[in-house]
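[1] Generate a structure from the sequence data that follows.
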Amino acid sequence: MSTYQKLGVIVSDIETITPTIKRFTLIPDENTQLPSFTSGSHIFVQMRDGDNQYNNAYSLLNSPFDEQRYQIAVKREEYSRGGSAFMHEKVAIGNKLIVSEPNNLFALAPGAKKHILIAGGIGITPFMSHLHELEQQNAEYELHYCYRNAGEPAFTPELMASRFKDKVVCHISSKGSRLELDTLISRLPEGSHVYTCGSHSLNEGVRQAAQKVGFPDQQLHFEQFAIEDKTGDAFTVVLAKSGVELEVDSESTILQVIERNKAASIESLCREGVCGTCETMILEGEADHRDQYLSDEERKSQTSMLICCSRAKGKRLVLDL
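    Below you'll find the predicted structure:
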């Protein structure tokens with residue numbers, strides 16, 4: 001289970017990047033010193049709107065060598081559960097927010113011969129920070145930025161006016177310029193690493209292309225803050241410490257059912273399988289892991305699970321709660 005230091009910040013600037021994307025600049029309040037971060041890091045922003053509280057993860061956009069501020073980009077989701085709508089509609093310059101210390105689950109691989117960055121839509125955000133670190137390392141890299149329409153991309157003008165422009169290739173599917181993943185990955189030199197942040201379909205496309213040519217799994221890196229699907233077959237969860245048995249229906253998560261029945265007090269933050277706060281030990285049964293926090297080895301060991309998103313493989317799970 002992970003815990004995070006909470007930091008007080010002030011919104012010093014809000015920039016409209018597109019009609020649906022805003023960039024927020026956050027500086028420390030009088031009681032806070034911002035921890036340093038590495039490229040690919042994210043923070044959680046805590047938002048309270050009346051009785052509702054949201055904890056959303058956002059990648060840090062700015063250079064990791066800029067220690068005076070954090071920058072995030074927030075896309076106003078059409079079917080927002082509250083967080084992105086709150087940031088767009090209710091946060092103003094001068095407001096105070098609470099954020100977590102930075103955490104990095106999408107770091108650059110040390111010693112990679114070449115770094116291939118593949119971004120889909122708003123998935124460009126962690127790469128904005130990576131570009132600074134790659135330039136600092138004098139590393140070999142290229143960024144492939146994929147989006148549907150020419151008017152859609154969040155940071156293309158900024159990228160094309162930057163020192164990174166010669167390493168950036170834009171792929172606009174509406175203009176027939178779709179990224180050929182099979183071709184790209186098949187031509188990579190040995191020792192390359194591929195990083196993908198975008199939709200579930202983009203991530204799966206990269207996985208499938210890599211499998212076709214035998215590209216090593218350990219040299220693939222993915223980030224996707226929103227879990228595509230938390231639903232599945234119903235099952236029973238047993239809380240070992242209290243003996244309480246709960247039925248988890250096909251549409252609910254274990255965490256939601258426990259909270260609904262007030263069966264245990266569970267600390268949680270992101271509720272998307274990213275932060276690790278709700279990690280819980282498994283005593284019996286196997287989990288259907290859907291998080292981005294546990295390593296492949298940890299998932300295979302079946303010793304713990306993130307109950308905000310992962311489910312049971314069978315009909316029954318016993319948890320150390």
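
[2] contacts for the longest strand along the chain?
    Secondary structure of the chain per DSSP state E: the longest strand is strand 6-18. Defining contact as Cβ atoms under 8 Å, 6 or more residues apart in numbering, one finds that strand 6-18 is touched by 22-29, 31-32, 34-35, 46, 69-70, 73, 91-101, 152-155. To be clear about C-beta, it is placed using only N, CA and C from the backbone, and glycine gets the same treatment.

[3] For PyMOL, what selects the buried ones among those?
    Entered in PyMOL, the line below selects the buried ones among the contacts of strand 6-18, by 16 or more other Cβ atoms under 10 Å:
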select buried, resi 22+23+24+25+26+28+32+34+46+70+73+91+97+98+99+100+153+154+155
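
[4] packing partners for the helix or strand encompassing Leu246?
    Using DSSP states H and E, Leu246 maps to strand 244-248. Judged by 3 or more Cβ pairs under 8 Å, 6 or more residues apart in numbering; DSSP states H and E, the packing partners of strand 244-248 are strand 235-239, helix 254-261.

[5] coming back round to it: mind checking which of the contacts of strand 6-18 land in strands?
    Those of the contacts of strand 6-18 lying in strands (DSSP E): 22-28, 46, 70, 73, 96-100.

[6] where does Ile162 fall, helix, sheet strand or coil?
    Careful, residue 162 is Ser; it's not Ile. coil (DSSP: H, G, I helix; E, B strand; the rest coil).

[7] Can you give me the pLDDT of it?
    As predicted, Ser162 sits at a pLDDT of 92.

[8] Same check on Lys212?
    96.

[9] what about it, how many residues close to it?
    Counted with other Cβ atoms under 10 Å, the neighbours of Lys212 add up to 12.

[10] if you skip the residues just before and after it, what's nearest to it?
    Nearest non-adjacent residue to Lys212, counting by Cβ to Cβ, 6 or more residues apart in numbering: Asp182, 6.2 Å away.

[11] May I ask which helix or strand encompasses the one you found?
    Going by DSSP H and E, Asp182 is in helix 181-186.

[12] and the residue in the chain sticking out farthest from the centre, what is it in contact with?
    In terms of distance from the mean C-alpha position of the chain, Gly243 ranks first, at 34.5 Å (Cα atoms, centre = their mean). Residues counted as contacts of Gly243 (Cβ under 8 Å, 6+ apart): none.

[13] Likewise for Ile266?
    Ile266 touches Leu255, Ile258, Glu259, Cys278, Thr280, Ile307, Leu321, counting by Cβ under 8 Å, 6+ apart.

[14] Just among those, which is most surrounded?
    Each of the contacts of Ile266 was scored by neighbours using other Cβ under 10 Å; the highest score is Ile307's, at 28 neighbours.

[15] Which helix or which strand is home to Pro64?
    Here Pro64 is assigned to no helix or strand, by DSSP H and E.

[16] Can you tell me the closest non-neighbouring residue to it?
    Ser39 (5.0 Å).

[17] for the stretch 151-300 of the chain, what spans make up the helices?
    With DSSP state H, counting those that start in this stretch, the ranges of helices along the stretch 151-300 of the chain come out as 156-160, 181-186, 200-213, 254-261, 296-301.

[18] most tightly surrounded among those?
    Stretch with highest mean neighbour count among the helices of the stretch 151-300 of the chain: helix 254-261 (a mean of 18; mean count of other Cβ atoms under 10 Å).

[19] Have a look at the protein and report the helix or strand with the lowest mean pLDDT.
    In the chain, no helix or strand scores lower on mean pLDDT, DSSP states H and E than strand 52-59, which sits at a mean of 88.

[20] which residues of this protein score low on pLDDT?
    1-2, 79-81, 150-153, 225-228 (pLDDT under 70).
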